[in-house]
Every structure is written in C-alpha cells, then in structure tokens.
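Novice: sequence first, then the predicted structure:
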Amino acid sequence: MDHLFVDNLTVIDFAYLDGQRGLVGESWITDVVLGGELDEQGMVFDFSNVKRTIKRVIDERVDHRLVVPREYEGFVPSEDHPDTFYWTLKDGRRIVHRSPEEAVVWLPTRQVVPSAVAALLEQELMAVLPSNVTSVSINLREEVIEGAYYHYVHGLKKHLGNCQRIAHGHRSPIRIDRNGHRDYDQERQWAKLWQDIYVGSEEDVVQRKVAADGTHYVTFEYEANQGEFALTLPEDRVYMLDTDTTVEFIAAHIANTLKQTFPNDTIRVKAYEGVGKGAIAER
C-alpha cells in the first residue's frame, strides 16, 4: 500500500458541549493521510483534488458547527421541538440550544475528543473517495501556542455564511502591547476572564431570569438567513458586548477597556480568531 499525506490541510473552528466546561470554543488543525493503490496516473489521489474534495467534506461536516455528544447523560432532546435540546452540566445548571439541523454535529459518544471527531470524518470521506483509496487517517490537533489563549464561542447573526450559527467558536491566542512592550500580565488576565466563555451581543438578548436554584440565566435569540437560533446559558458563562461579536469588535473592546485602565499608554491588541487570523486594534 502507498500513502499520500497533507499536513495543515485546514483548520476547523467549532464549538462543543462538555459536562464540566459547558460550551467550549475550539480550533483544530487537520492533517490527512490516504492509503491505497496507485491509479493510472501513478497517484493514490490527485493533490489538486485534495482541497476540492477532502477539505470541502471536512469543512462542511464540522467547521462552524456545534458538536454534541449524544451519549452524555445530561443530554435531553426536546419532545415538543425537534430543533431544541437541553444540556445539564455536572453542577446541575442547564444550557438550552435551538437551531437548524445543519448547525449541529451529533457524536455517538459521551464526550468530544479528537479521535471521535476524526472517526466521523474518516467515515464521511471513505464514502466519496475513489475505490483505489482504501484507508483514510485524520489527525486533529491544537495549535502550539506560546503565551496566553482562551476558548470562546459566539454567533454572528448578520453574517451571510456559517458564522451566523449561534454556537461556533475558536481557541485563540491574544497579544497585548503597552507602549511598544508586550504585557504578559494583561494577556493572562484576559485569557482567564474569557476561559470557556460565550461572547454575546446585548441586542440579541430576549430574556434574563433567575431559576428556582438561584442561577441567573440569559437567553439569546435571533433569525438569520439559515433559520432561527436560540441559546440559553448561565449568565456567569457569558461576557456581554454592546456591539456585534466579530473579532474586529472584540479587539476594539479589549483595547478600549485597557485604554480606560491605562489612559496615558499606547495600546495595541492583536486578537486572534482561531489559528493565524484575527484583528488588530490600536488606541
């Protein structure tokens, strides 16, 4: 058997649900190895088709979706609304999610791990690859980040693409410079503040309520061109913005907040949205 490999084929930015951490934003770099017999061109698979076929399947199947492990004991689908489900955290608090089916990936597992998502993608790819390809191996890995980073989830209702989905996310480093020098303390503080956070827009809030156990909940709801979306979270897992939650607004918000704290300093914030992309704000 011969093999073809493609490292760094794509990055999937998505969110998943965890019993302890709740709603988690993630970014995984994707490496692919194909095994099989050489075709009449002397290839296992034509490199020119890798992005056209393999990258497309991976991006469409997981990228900008919410991955839900259906075997988790706290997962309960709604009996009345097929587009809605409930997720009970280990501490007893709840998350409620509603969206079109295309915004969700269902995993037949108790938790989301790279091997489970890779197995799903491998199965999908085997169904579309030529018969001479007899094996597919996918490696999903996190970016190696030197310094502070955070996991965040958001939804962009005004976006015409898949960013409109209310629960997709990223694992993102952050760089903060004050007066031309890197401020590691501020980077760590923001990473701690935004650890496993949902960054929400105030204009999308439709309800705030206090449950019988004293938990404060906030509900976001909006309609985009893919359909209706809604998400209810414990309020202490949410960071609110007065604007939309694009990475440009996120960088600007962090820079403006730091400028209030250090009014005489020059501030530069480089906020990432996943791997190798993001926005810069200077104040």
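Specialist: Received the coordinates, thanks. Keep in mind that this is a model prediction, so the values were computed, not measured.
Novice: now the lengthiest strand in the chain - C-alpha only, PDB.
Specialist: Taking DSSP state E as the criterion, the chain has its longest strand at strand 2-18. The C-alpha trace of strand 2-18 is given here as PDB (Å, rounded to 0.1, in the frame of the first residue of the first chain):
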ATOM      1  CA  ASP A   2       1.200   3.500  -0.800                       C
ATOM      2  CA  HIS A   3       0.300   6.700   1.100                       C
ATOM      3  CA  LEU A   4      -0.300  10.300   0.400                       C
ATOM      4  CA  PHE A   5      -0.200  12.900   3.200                       C
ATOM      5  CA  VAL A   6      -1.300  16.500   3.500                       C
ATOM      6  CA  ASP A   7      -0.400  18.400   6.700                       C
ATOM      7  CA  ASN A   8      -2.200  21.600   7.700                       C
ATOM      8  CA  LEU A   9      -5.000  20.900   5.200                       C
ATOM      9  CA  THR A  10      -7.500  23.100   7.000                       C
ATOM     10  CA  VAL A  11      -8.500  24.500  10.400                       C
ATOM     11  CA  ILE A  12     -11.900  23.600  11.800                       C
ATOM     12  CA  ASP A  13     -13.300  26.300  14.100                       C
ATOM     13  CA  PHE A  14     -16.300  25.000  16.000                       C
ATOM     14  CA  ALA A  15     -17.900  24.600  19.400                       C
ATOM     15  CA  TYR A  16     -18.700  21.600  21.500                       C
ATOM     16  CA  LEU A  17     -20.500  20.800  24.700                       C
ATOM     17  CA  ASP A  18     -18.800  19.400  27.800                       C
END
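Novice: ok, now which ones touch Val32?
Specialist: Phe5, Val6, Leu9, Val50, Ile54, Val136, Ser137, Ile138, Asn139 (C-beta atoms under 8 Å, 6 or more residues apart in numbering). Where C-beta positions appear, they are placed from N, C-alpha and C, glycine not excepted.
Novice: go again with 7 Å.
Specialist: The contact partners of Val32, by C-beta atoms under 7 Å, 6 or more residues apart in numbering, come to Phe5, Val6, Leu9, Ile54, Ile138.
Novice: shouldn't Ala212 be within a strand?
Specialist: No: checked against DSSP: H, G, I helix; E, B strand; the rest coil, Ala212 lies outside a strand; its state is coil.
Novice: if I look at it, how far off is Glu40?
Specialist: Per C-beta to C-beta, to the nearest Å, Ala212 is found 69 Å from Glu40.
Novice: and the helices in the stretch 101-250 of the chain?
Specialist: 114-126, 184-193, 247-261 (DSSP state H, counting those that start in this stretch).
Novice: and among the ones you listed, the most buried is which?
Specialist: Highest mean neighbour count among these (mean count of other C-beta atoms under 10 Å): helix 247-261, with a mean of 18.
Novice: who's in contact with it?
Specialist: Against helix 247-261 from outside (C-beta under 7 Å, 6+ apart): 176, 186, 190, 199, 241, 243, 267, 269, 271, 273, 278-283.
Novice: immediately after it, which helix or strand?
Specialist: strand 267-272 (DSSP states H and E).
Novice: what is that following strand packed up against?
Specialist: Under the contact definition 3 or more C-beta pairs under 7 Å, 6 or more residues apart in numbering; DSSP states H and E, strand 267-272 sits against strand 168-178, helix 247-261, strand 278-282.
Novice: before we move on, back to that, list the neighbouring strands of the longest strand of the chain plus their orientation.
Specialist: In the sheet, strand 2-18 lines up against strand 22-36 (antiparallel), strand 66-69 (parallel) (DSSP bridges).
Novice: buried sites along the first one?
Specialist: It refers to strand 22-36. Neighbour-count burial for strand 22-36, counted by 16 or more other C-beta atoms under 10 Å, picks out 22-32, 34-36.
Novice: same check, this time on stretch 196-216
Specialist: For stretch 196-216, by 16+ other C-beta under 10 Å, it's Asp196, Ile197, Tyr198, Val199, Gly200, Ser201, Asp204.
Novice: wait, Val68 sits on Asp18?
Specialist: No: Val68 is beyond contact range of Asp18, at 10.4 Å (criterion: C-beta atoms under 7 Å).
Novice: perfect, I'm done here.
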